[in-house]
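1. The sequence and its predicted three-dimensional model are supplied below.
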Amino acid sequence: MNKDFLHTLGLQDDNDGSSTGQTGMHNPDAHLVSRSPVDGSEIGRVSVTTPEQYEQIIAKAQEAFQYWRTVPAPQRGEIVRQYGDALRANKDALGRLVSYEMGKSLQEGWGEVQEMIDICDFAVGLSRQLYGLTMHSERPLHRMYEQYHPLGIVGIISAFNFPVAVWSWNAMIAIVCGDVTVWKPSEKTPLCGVACQNIWAKVAKDNDLPEGISSLINGDYTVGEMMTKDERVPLISATGSTRMGKIVAQTVAARLGKTLLELGGNNAIIITPSADMDLVLTGALFGAVGTCGQRCTSTRRLIVHESRYDEVRDKLAGAYDQLRIGDPLDQNNHVGPLIDTDAVDTYLKAIEGIKNEGGNLIVAGGRIDDLGSDCYVKPCIAEVEPDSEMARKETFAPILYMMKYSDLQEAIDIQNSVPQGLSSAIMTTNMRESERFLSAAGSDCGIANVNIGTSGAEIGGAFGGEKETGGGRESGSDSWKAYMRRQTNTINYSTELPLAQGITFDL
Ligand code: NAD
């Protein structure tokens, strides 16, 4: 395979991002090995950040914040605009690295970089729109308003499955808000982190910016813990499993810090009697097998009206037969590998669990041995009862559960009965059904779609979910408010000092 993209992104053998002066310095004693799930080969090594290096990085970030918070927001937006342009120039290379290091299709790798560019554009506009409200004071000759100030250091912890976009959702918004960021990427995709940081470092250098506005730390959860326990980091934005989120939430809450949590999903599509079958097939297929079932918004459950059940099952099984599985950089393939062999084991165990609880495998899954690495599996479909224990869990792999319903309320109840609350969808051409699904008595998820699948959100809306998904919102709309502190100001321009609520206090 042509690996020129590594060179384009500055990922030479000994480059761990330290040359940028913006990251952890070289640590010869411990490193992460980045191994591609595509062909099993080692792509490179990244040094692990030591506690001493962490201290230096936080000190630099604190110093940078003193400066950055005083730069007018539109000027901060100009830096983000330049970063977006640098991403445009590197879109092909970075998309290829995402595909090679994480295993998603090249189309999705490029799509992820496009999402970064989109959030940069959004953040540039936002840099002139960090609005507070003004309100009327109850006291004469007084003015009241609220304004938003940056928080300080924003710690970003990210998952392997969106190794670049999730960071940019957080970092680009935080940076226009006047914060500085410290990012710990997933230990499974460390080179994606170094590549993004290298691109940032060039933009920072071209603009004579100080080090520390965007920094990178590398390692496993123990490196993440340095930030979650650190009172100098007022906000931790963590994306990953619910298991991780529960630990991070408690650690940060113990020091009364703020968290923004984007955790696991268990996303369903309700397919009603009036559903348009073409939309159902495309939405369900991409949702279930795209990114090899490793999106937080992957479609995991189909809740199908009994009148359409056999048709959906047979057509979907036919479509699964035509899936081409293999090297995700080959654009003829639809499905790439899972991230690593641990993920394959988890997937195989889930299939055993389905059999043990009496589920029926409509499309049998299993490992595929003759492709480039030990990480390739066949997407599978299982028919289960609505109260299936397996279907309540998020197995981060291409397993799709099908179940029947007879009445819309029953379908909504099944959809809402799981612990997670990220994304949901209904396929219907009946306006009453779609409005009921979107109403307060409908889907309990952060995302609810009509005639679209569960995956593939746009950056303009607030992204996130309820219940065990963590409750955080990132990306568009007013998600920026999580990265700032709100201050209410009352100004008295009279010669009296009246108290609120009419209280008198005379001597
Ligand atoms: P993971 O929880 O194993 O790891 C995520 C990140 O958390 C990694 O960087 C890891 O090092 C760090 N981490 C783990 N334990 C930690 C701790 N105790 N303290 C500090 N940091 C810690 O998740 P993963 O396997 O990389 O990703 C898959 C999961 O992420 C799935 O559950 C998926 O649904 C979820 N996800 C959610 C969203 C969302 O927006 N809701 C987006 C992407 C992925």
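-> Cool, the structure landed.

2. now the closest residue in space to Asp4 that isn't next to it in sequence: how far from the ligand?
-> Using Cβ to Cβ, 6 or more residues apart in numbering and skipping residues adjacent in sequence, the residue nearest Asp4 is Ala93, 7.8 Å away. The C-beta positions use only the backbone N, C-alpha and C, and glycine is treated the same way. Separation of Ala93 from the ligand (Cβ to the nearest ligand atom, to the nearest Å) stands at 23 Å.

3. Do I have it right that Ala93 meets Lys3?
-> No - using Cβ atoms under 8 Å as the test, Ala93 is too far from Lys3 to be in contact (10.2 Å).

4. So for the two, which residue has more residues nearby?
-> Set Ala93 next to Lys3 and count neighbours by other Cβ atoms under 10 Å: Ala93 wins out with 20 against 14.

5. show me what contacts the more buried one?
-> Going by Cβ atoms under 8 Å, 6 or more residues apart in numbering, Ala93 touches 4-5, 8-9, 195.

6. try Gln294
-> Residues in contact with Gln294 (Cβ under 8 Å, 6+ apart) are 103-104, 161, 338-339, 343, 396-397.

7. among these, which are in reach of the ligand?
-> With Cβ under 6 Å from any ligand atom as the criterion, those include 161, 396 near the ligand.

8. before we move on, which element is the nearest residue to Gly10 once chain neighbours are set aside in?
-> In space, and not counting its chain neighbours, Gly10 is closest to Asn198: 4.2 Å by Cβ to Cβ, 6+ apart. Using DSSP states H and E, Asn198 maps to helix 190-206.

9. Could you give the average pLDDT over that helix?
-> Helix 190-206 carries an average pLDDT of 98.

10. Just after it, pick out the following helix or strand.
-> strand 214-216.

11. I figured Thr429 was touching Ser274, is that so?
-> Yes - counting by Cβ under 8 Å, Thr429 does reach Ser274; the two are 4.4 Å apart.

12. Can you check which residues contact both of these two?
-> Residues touching both Thr429 and Ser274 (Cβ under 8 Å, 6+ apart): none.

13. Correct me if wrong, but Ala440 is in a helix.
-> No - according to DSSP: H, G, I helix; E, B strand; the rest coil, Ala440 belongs to no helix; its state is coil.

14. Count residues in the vicinity of it, would you?
-> A count of nearby residues for Ala440, using other Cβ under 10 Å, gives 5.

15. Relative to Ala448, how far out is it?
-> According to Cβ to Cβ, to the nearest Å, Ala440 stands 11 Å off from Ala448.

16. Kindly report the residues of the stretch 351-500 of the chain close to the ligand.
-> Residues of the stretch 351-500 of the chain lying near the ligand by Cβ under 6 Å from any ligand atom: 394, 396, 422, 469.

17. Kindly state the pLDDT recorded for the nearest residue to the last one once chain neighbours are set aside?
-> On the basis of Cβ to Cβ, 6+ apart, the spatially nearest residue to Thr469 that is not a chain neighbour turns out to be Leu422, at 4.4 Å. Per-residue pLDDT puts Leu422 at 98.

18. Top of the contacts of Gln294 by number of neighbours, please.
-> That'd be Gly103 among the contacts of Gln294, by other Cβ under 10 Å, with 32 neighbours.

19. Contact partners for the residue lying closest to Asn266 once chain neighbours are set aside?
-> For Asn266, ignoring the flanking residues on the chain, the nearest one in space by Cβ to Cβ, 6+ apart is Gln420 at 4.1 Å. Residues near Gln420 by Cβ under 8 Å, 6+ apart: 242, 263-267, 394, 465, 467-469.

20. change it to 10 Å
-> Going by Cβ atoms under 10 Å, 6 or more residues apart in numbering, Gln420 touches 242, 263-267, 296, 300, 392-394, 444-445, 465-470.

21. Check what pLDDT the residue nearest the centre of the chain gets.
-> Central residue of the chain (Cα atoms, centre = their mean): Val166, 4.3 Å from the mean position. If you check Val166, the pLDDT there is 98.

22. Quick check: phi and psi on it?
-> Dihedral pair for Val166: phi -60, psi -40, per degrees, to the nearest 10.

23. which regions of the chain lie under the pLDDT threshold?
-> Within the chain, the segments meeting pLDDT under 70 span 13-28.

24. before we move on, the earlier item: which ones among the residues of the stretch 351-500 of the chain next to the ligand map onto strands?
-> Counting by DSSP state E, these place none of their members in strands.

25. correct me, but the residue nearest to Gly10 touches Val46?
-> No - contact between Asn198 and Val46 fails when scored by Cβ atoms under 10 Å: they sit 12.0 Å apart.

26. For the two, indicate the residue with more neighbours.
-> Set Asn198 next to Val46 and count neighbours by other Cβ under 10 Å: Val46 wins out with 27 against 21.

27. Give the bridge partners for that one, please.
-> Note on Val46: beta-bridge partners Leu32, judged by DSSP bridges.

28. And it, how far from Glu306?
-> Per Cβ to Cβ, Val46 is found 52 Å from Glu306.

29. sorry, back to before: from the contacts of Ala93, which single one is nearest the ligand?
-> Nearest to the ligand out of the contacts of Ala93 is Ala195 (Cβ to the nearest ligand atom; 16.3 Å).

30. neighbours around the closest one, how many?
-> 26.

31. now swap in Ala457 and tell me
-> 22.

32. Now the residue nearest to it when sequence neighbours are not counted. Its backbone dihedrals?
-> Closest residue in space to Ala457, ignoring its immediate chain neighbours: Phe463 at 5.4 Å, by Cβ to Cβ, 6+ apart. The phi/psi pair for Phe463 (degrees, to the nearest 10) reads phi -110, psi 130.

33. these two touch, right, Phe463 and Gly456?
-> No - with contact defined as Cβ under 10 Å, Phe463 does not reach Gly456; the gap is 11.3 Å.

34. Which neighbours do the two have in common?
-> Residues touching both Phe463 and Gly456 (Cβ under 10 Å, 6+ apart): 297, 423.

35. neighbour-wise, which of these two wins?
-> Using other Cβ under 10 Å as the criterion, Phe463 and Gly456 rank with Phe463 on top: 24 against 16.

36. Now do the contacts for that one.
-> Counting by Cβ under 10 Å, 6+ apart, Phe463 has contacts 166, 169, 262, 296-297, 422-423, 446-447, 457, 472-477, 479.

37. Which ChimeraX command selects the buried ones in these?
-> A single ChimeraX command selects the buried members of the contacts of Phe463 (16 or more other Cβ atoms under 10 Å):
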select :166,169,262,296,297,422,423,446,447,457,472,473,474,475,476,479
